[in-house]
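Undergrad: Sequence first, then the predicted structure:
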Amino acid sequence: MGARPQFVKAAVLSRSWQARHGVQEILVHTGQHYDADMSDVFFTQMQIPEPAYKLTLSQSTQGAMTGEMLVGLERIVAAEKPDAILVYGDTNSTLAGALTAAKMHIPLVHVEAGLRSFNRKMPEEINRVLTDQLSQLLFVPADSAIENLAKEGIAAPAHTIEVVGDIMKDAVLHYRQFAKVPSFVVPDKYMLATVHRAENTDDPEVLKGIFEGLDEINKSLPVILPLHPRTKLALLRNQIKTDVQLVEPQGYFQLLWLLDRAQLVATDSGGLQKEAAYLHKFCITLRGETEWTELVSGGVNRLVAANTREMAQAFQYFSNLEFPAERQFYGDGHTGGKIADKVAHWLK
């Protein structure tokens, strides 16, 4: 694991291991997110066991970062000789773990498998596709993921596929009780926004369009945006000004507090799209597609990419709606236990 969503997922599964089976978990932090605000705070707040290994990366490009992870992970796997390698989601850390497992002939478990945005320009999409091809045990959040995998030839008996729901739902429902008030002044009503994906930050015109849309919404409803380091650099580099309230990256408990009290969410994060739905918040997704398609078909998520006009239209549309609280997405909030049970049985 190496990025914020993976730390959240690991917190749930680590707790599940401790509660059953006696499976020994060896946590490896790949170093993908390395600063305190994006990494250390999650281990502290969520009481995740200290990683047995933590890599230090010197490169920041996609290929070089993944290559460095591979070098470090091969040494760790050679020393530990695990019965299986488990990876989460769709980051470079996920792919590095998957390639290590394949090269060293270790069974691979993929949590959050089968998701597709069908946009091969996204690094995350490539990571998903390759990881699923290399996995033997795949945990998927919904039936649609099984259909995606079948189209790529991933099915029984070569692969074991289990529908278990979304492990991040466990986290939201469990850790909501520990939510903490942020250290900055929060308006009574506001929209919570995040922007971090390379497809949005690396293109100046796209980034400008997103912040023009957020500024327009900000005239009617204050916008709070915890600023990802990549986005911060892109705004400075392209001299993009904004009126929204920019704050430092938040710990998971502070972000949960903000999300729970927000009127609306705007994000390019896959994780926050789901977390918004679990807390009954409508979401404006700053992408042209999403791997979490059930949220769109369920009417609680609208895709707007970087289109300023569509952002404003989505804001007006959701502002006049009540969230359909009866709608449930991605399981019952007990995914971690299901995964732990099935992995333990699979390893026997």
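TA: Okay, I see it.
Undergrad: show me what contacts the closest residue to Thr30 other than its chain neighbours?
TA: Leaving out its chain neighbours, the residue that sits closest to Thr30 by CB to CB, 6 or more residues apart in numbering is Gly2, at 3.5 Å. For glycine as for every other residue, the C-beta is placed from the backbone atoms N, C-alpha and C. By CB atoms under 8 Å, 6 or more residues apart in numbering, the residues touching Gly2 are 29-33, 69, 91-93.
Undergrad: who wins for neighbours among those?
TA: Thr30 (29 neighbours; other CB atoms under 10 Å).
Undergrad: Cross-check the contact I'm expecting between that residue and Met69.
TA: Yes. In this structure, Thr30 is within contact of Met69 by CB atoms under 8 Å, at 4.9 Å.
Undergrad: Give me the common contacts of the two.
TA: In contact with both Thr30 and Met69: 2, 55, 57, 92-93, 96-97, using CB under 8 Å, 6+ apart.
Undergrad: gap between whatever helix or strand Ala11 lives in and the chain center?
TA: According to DSSP states H and E, Ala11 maps onto helix 4-19. Relative to its chain's centre, helix 4-19 lies at 13 Å (CA atoms, centre = their mean, to the nearest Å).
Undergrad: helices or strands up against that helix?
TA: helix 41-46, strand 85-88, helix 167-175, helix 252-261, helix 270-278, helix 335-347 (3 or more CB pairs under 8 Å, 6 or more residues apart in numbering; DSSP states H and E).
Undergrad: Mind checking what helix or strand follows it in sequence?
TA: With secondary structure assigned by DSSP H and E, helix 4-19 is succeeded by strand 28-29.
Undergrad: Strand partners (parallel or antiparallel) of that next one?
TA: strand 53-54 (parallel) (DSSP bridges).
Undergrad: any chance of the shared contacts of Thr30 and Met69 in CSV, with pLDDT, distance to Gly337 and secondary structure too?
TA: Below are the shared contacts of Thr30 and Met69 laid out as CSV (pLDDT from 0 to 100; distance: CB to CB, whole Å; DSSP: H, G, I helix; E, B strand; the rest coil):
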residue, pLDDT, distance to Gly337, secondary structure
Gly2, 91, 24, coil
Leu55, 94, 29, coil
Leu57, 89, 33, coil
Asn92, 94, 28, helix
Ser93, 96, 24, helix
Ala96, 97, 27, helix
Gly97, 98, 23, helix
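Undergrad: Run through who's touching stretch 332-340.
TA: 12-13, 15-17, 19-21, 23, 111, 139, 141, 162, 164-167, 169-170, 173-174.
Undergrad: ok now do the closest residue to His280 other than its chain neighbours, which residues does it touch?
TA: Spatial nearest neighbour of His280, chain neighbours left out: Phe323 (4.4 Å); criterion: CB to CB, 6+ apart. Contacts for Phe323 (CB under 8 Å, 6+ apart) come out as 280-282, 300.
Undergrad: which one of the residues you listed sits closest to Glu50?
TA: Nearest to Glu50 among these is Lys281, at 33.0 Å by CB to CB.
Undergrad: I believe that closest one is in a helix; please confirm or correct that.
TA: No. Using DSSP: H, G, I helix; E, B strand; the rest coil, the secondary structure at Lys281 is coil, not a helix.
Undergrad: What distance do you get for the residue found closest to Arg287 once you drop the neighbours it is linked to in the chain to Met122?
TA: Using CB to CB, 6+ apart and skipping residues adjacent in sequence, the residue nearest Arg287 is Asp268, 5.3 Å away. Separation of Asp268 from Met122 (CB to CB, to the nearest Å): 10 Å.
Undergrad: Could you check which of the two has the larger neighbour count?
TA: A count of neighbours by other CB under 10 Å puts Asp268 above the other of Asp268 and Met122, at 24 against 18.
Undergrad: Who are the contact partners of the more buried one?
TA: With the criterion set at CB under 8 Å, 6+ apart, Asp268 makes contact with 194-197, 199-200, 285-287.
Undergrad: In these, find the pair that's most separated.
TA: Counting by CB to CB, the most remote pair of these is Thr194 and Glu199, 14.1 Å apart.
Undergrad: any idea how far the nearest residue to Tyr53 once chain neighbours are set aside is from Pro49?
TA: Using CB to CB, 6+ apart and skipping the chain neighbours, the partner closest in space to Tyr53 is Val28 (4.7 Å). Relative to Pro49, Val28 is positioned 12 Å away (criterion: CB to CB).
Undergrad: The two: which is more packed in?
TA: Val28 (24 against 15).
Undergrad: which of Thr194 and Glu199 has more neighbours?
TA: Thr194 (22 against 18).
Undergrad: on that earlier part again, look at the residue nearest to His280 and report its pLDDT.
TA: Predicted confidence (pLDDT) for Phe323: 96.
Undergrad: Need phi/psi at it.
TA: Main-chain torsions, Phe323, degrees, to the nearest 10: phi -70, psi 130.
Undergrad: and the gap between it and Pro204?
TA: Following CB to CB, the distance that separates Phe323 from Pro204 is 35 Å.
Undergrad: quick one, the helix or strand hosting Glu124 and helix 270-278 angle?
TA: Counting by DSSP H and E, the element that carries Glu124 is helix 123-134. In terms of direction (axes from the mean of the first three to the mean of the last three CA atoms, to 10 degrees), helix 123-134 departs from helix 270-278 by 90 degrees.
Undergrad: can you give me the mean pLDDT across helix 123-134?
TA: 96.
Undergrad: Show me how far that helix is from its chain's centre.
TA: The answer for helix 123-134 is 15 Å, by CA atoms, centre = their mean.
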